[in-house]
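1. Sequence and predicted structure, then a few things I'm wondering about:
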Amino acid sequence: MILIRLIKFLPFALLLCFCNNEPKITDNANKPVNKKETLIKPYTQLSDEKGFNGIYIVGDMLAFSKTDSAAGEKIGQKIQNAMQLLSKQLLAFNKNFNSNFGLITYNENVNNIVFQLILPIDSMPKTKPKNCDVIVLYKDTMLVFNHYGSYKGIKNAYNNIDQKLATLNLKKKKLPIEFYITDVTTEPDSAKWLTRIMVPVSF
């Protein structure tokens, strides 16, 4: 399947908690910071390291988008068609901008799987694109998990994510986005295929 070089991350607002026995940490400005917020890492620390990578504030993301659906046995071809469509649109818009596909899957009905394919862009197009939409994914707190290998093993990645959410006492806010970092057409070794899973979370 497909994925982003993430855009810039925005700072996270401080959550001050009074009358609380939970330990507090003081930042460089001597302002109290809730302990949970120390889990959030700077964007500069984002890496391709396997497994749980951290929690980040992901900034607004502008993207071309194509929503479609298909039965399970035809979903791969439908996604490939959407990729070709968005690639052509990106090439016409800004051929010098490098981006990775992202995928949101809305259901698990094998008779009609609904998905949204996105391809981030760096600015708003001057004209409305044909056969696709322009959307904004607004900034959010994201848990990032890097899965290496073929897509057949993606279920194990989500099991690990659920365990990490429980350990950190985090809740899923929205559906996860899978970004496909590796171009599988140029990398024959499936062990090197990187899928970056980003899960919107709340404390």
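-> Alright, I've got the coordinates. Predicted, not measured: the structure shown is a model, and the values here were computed from it.
2. which ones are touching Lys174?
-> Residues near Lys174 by CB atoms under 8 Å, 6 or more residues apart in numbering: 140, 200. Every residue, glycine included, has its C-beta placed from N, CA and C.
3. That one and Leu117, how far apart?
-> In this structure, Lys174 lies at 17 Å from Leu117, with CB to CB, to the nearest Å as the measure.
4. Return the set of buried residues in the longest helix belonging to the chain.
-> Identified as the longest helix of the chain according to DSSP state H is helix 75-93. Buried residues in helix 75-93, counting neighbours by 16 or more other CB atoms under 10 Å, are found at 75, 78-79, 82-83, 85-86, 89-90, 93.
5. tell me, how many neighbours does Pro129 end up with?
-> If you count neighbours by other CB atoms under 10 Å, Pro129 ends up with 19.
6. Just checking, which helix or strand succeeds the longest helix of the chain along the chain?
-> Downstream of helix 75-93, the next assigned helix or strand under DSSP states H and E is strand 102-105.
7. Could you list the low-pLDDT ranges of the protein?
-> Scanning the chain with the threshold set as pLDDT under 70 gives 1-37.
8. all strands of it, in order?
-> Read by DSSP state E, the chain holds these strands, from start to end of the chain: 24-26, 32-34, 51-58, 61-70, 102-105, 113-120, 133-137, 140-148, 171-172, 177-180, 194-202.
9. need those in a markdown table with mean neighbour count and distance to Gln163, can you?
-> Formatted as a markdown table, the strands of the chain follow (neighbours: other CB atoms under 10 Å; distance: least, CB to CB, whole Å):
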| stretch | mean neighbour count | distance to Gln163 |
| --- | --- | --- |
| strand 24-26 | 11 | 26 |
| strand 32-34 | 16 | 23 |
| strand 51-58 | 19 | 9 |
| strand 61-70 | 18 | 27 |
| strand 102-105 | 20 | 21 |
| strand 113-120 | 22 | 25 |
| strand 133-137 | 15 | 26 |
| strand 140-148 | 20 | 11 |
| strand 171-172 | 12 | 13 |
| strand 177-180 | 22 | 18 |
| strand 194-202 | 20 | 13 |
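10. Format those strands as a markdown table; extra columns: distance to Thr127.
-> As requested, these are arranged in a markdown table below (distance: least, CB to CB, whole Å):
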| stretch | distance to Thr127 |
| --- | --- |
| strand 24-26 | 49 |
| strand 32-34 | 45 |
| strand 51-58 | 28 |
| strand 61-70 | 13 |
| strand 102-105 | 23 |
| strand 113-120 | 17 |
| strand 133-137 | 10 |
| strand 140-148 | 29 |
| strand 171-172 | 36 |
| strand 177-180 | 26 |
| strand 194-202 | 30 |
